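Engineer: quick one, structure for this:
(4 chains)
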There are 2 protein chains.
Amino acid sequence: MKLVSTRGRYALRVIIDLAEHDSGSYIPMKEIAMRQGISLKYLEQIMPVLMKNKVIDGASGKGGGYKLNRPPEDYKVWDILTLTEGSLAPVACLDCDAEKCERESECRTLPMWKKYQEITEDFFNNISVADLMKKG
Amino acid sequence: MKLVSTRGRYALRVIIDLAEHDSGSYIPMKEIAMRQGISLKYLEQIMPVLMKNKVIDGASGKGGGYKLNRPPEDYKVWDILTLTEGSLAPVACLDCDAEKCERESECRTLPMWKKYQEITEDFFNNISVADLMKKG
DNA sequence: CTATATTCCTACCAATCAAGTAGGTTGATT
DNA sequence: AATCAACCTACTTGATTGGTAGGAATATAG
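Structural biologist: Residues are numbered from 1 along each chain as shown, chains lettered A, B, ... in the order given. Just a heads-up that it's a prediction; the model follows:
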């Protein structure tokens, strides 16, 4: 099973693309879709999520598109992934809207899953979009 | 999205159960299912996988059931999970049978996913079933 | 040899999610 | 007014999850 689906991966690639091609003006989805080899129609589903969460700025109409609203250093991979994936819980028990587990108190494995979740959060929180950009 | 589904989690709990109730003789699935609150019919799907991979020994007929074939220290969480889950790749690109990605050489995110995969493997390889057993 | 306990096997199923496609509407610029 | 571009709703296809159902094979105890 996979932790991160195309939604999260594409979102990340889009943000990196926006950062690498930042010129101050809006970049149309079409351009990003072409460059990244992602279907425009599929992107149309992913971008609004990012915009509604104030991660990027968008503009409709001619000359419109998207652009970042902060420097790349301020975008943490963790934030982008959790927004698009919902939660990065390793197991259902640790999901945001998980129903209380009866066996929680006696569960031998729960502490391990929690520790792993911590490690995961730390890992992706320590990587920014700036770190992922092509240097030079 | 979840990394580990019930199959992997249940398998792990079963192995721990077998370790904690080890008396040298075979323990029937029914007993494990009751104790762990897992459907017998669902367990019937999971156990054969473990047996075919020599993780546990099984016996049919009266007095039959399953038992471990090594000490709990020798069972690494990583092994049990990968057997039952297939692969613990964080993204599709890193799956065992992933088709070669065109963008691999220029992908900004691939190194990150690879590093995360390493961390994951290290984490679960350093935990054994003995570590998860109830002490005392 | 038979009753019973137990695994083993094949098939089925409902719900959810992934990964898109399709088509039209609204909004902004030139 | 033409055009570009985001926005919105709905649909589709395939795979996966998390089971269920029923019976066949196997082994032991009496």
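Engineer: so what does the residue of chain A most remote from its centre have for phi and psi?
Structural biologist: Distance from the C-alpha centroid of chain A peaks at residue A:106, with 34.3 Å (Cα atoms, centre = their mean). Backbone geometry at residue A:106, expressed as degrees, to the nearest 10, gives phi -100, psi 0.
Engineer: now residue A:128
Structural biologist: phi -110, psi 170.
Engineer: how about the nearest residue to it, chain neighbours excluded?
Structural biologist: residue A:73 (5.1 Å; Cβ to Cβ, 6 or more residues apart in numbering or on different chains). C-beta coordinates here come from the backbone N, C-alpha and C atoms, glycine included.
Engineer: am I right that the one you found is in a helix?
Structural biologist: Yes. Using DSSP: H, G, I helix; E, B strand; the rest coil, the assignment for residue A:73 is a helix.
Engineer: just to revisit the earlier point, and the residue farthest from the centre of chain A, how far is that from DNA strand D?
Structural biologist: 18 Å (Cβ to the nearest atom of the strand, to the nearest Å).
Engineer: roughly how far apart are that residue and residue B:17?
Structural biologist: 12 Å (Cβ to Cβ, to the nearest Å).
Engineer: with residue A:3 instead?
Structural biologist: 27 Å.
Engineer: of these two, give the one with the bigger neighbour count.
Structural biologist: residue A:3 (23 against 20; other Cβ atoms under 10 Å in any protein chain shown).
Engineer: so what's that one up against?
Structural biologist: With contact taken as Cβ atoms under 8 Å, 6 or more residues apart in numbering or on different chains, residue A:3 is in contact with A:88, A:90, B:1-3, B:90-91.
Engineer: for residue A:48, same thing?
Structural biologist: residue A:58.
Engineer: before we move on, what about residue A:20?
Structural biologist: Contacts of residue A:20 by Cβ under 8 Å, 6+ apart are A:133-134.
Engineer: need the residues of chain A near DNA strand D, please.
Structural biologist: A:1, A:28-30, A:41, A:44-45, A:47-48, A:51, A:58-66, A:92 (Cβ under 7 Å from any atom of the strand).
Engineer: now, which of those lie within helices?
Structural biologist: A:29-30, A:41, A:44-45, A:47-48, A:51 (DSSP state H).
Engineer: could you dump these to a markdown table with pLDDT and distance to DNA strand C?
Structural biologist: Formatted as a markdown table, these follow (pLDDT from 0 to 100; distance: Cβ to the nearest atom of the strand, whole Å):
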| residue | pLDDT | distance to DNA strand C |
| --- | --- | --- |
| A:29 | 97 | 11 |
| A:30 | 97 | 12 |
| A:41 | 97 | 4 |
| A:44 | 97 | 6 |
| A:45 | 96 | 6 |
| A:47 | 97 | 12 |
| A:48 | 95 | 12 |
| A:51 | 96 | 14 |
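Engineer: PyMOL command to pick out the buried ones of the residues you listed?
Structural biologist: In PyMOL, this line selects whichever of these come out buried by 16 or more other Cβ atoms under 10 Å in any protein chain shown:
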select buried, chain A and resi 29+47
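Engineer: between the ones in helices among the residues of chain A next to DNA strand D, which sits nearest residue B:36?
Structural biologist: residue A:45 (39.6 Å; Cβ to Cβ).
Engineer: measure that closest one to residue B:55 for me?
Structural biologist: Distance from residue A:45 to residue B:55, by Cβ to Cβ: 42 Å.
Engineer: give me the pLDDT value at the closest residue to DNA strand C within chain A.
Structural biologist: Closest residue of chain A to DNA strand C, Cβ to the nearest atom of the strand: residue A:61 (2.4 Å). Residue A:61 carries a pLDDT value of 95.
Engineer: cool, residue A:33 as well?
Structural biologist: Reported pLDDT for residue A:33: 97.
Engineer: repeat that for residue A:26.
Structural biologist: 97.
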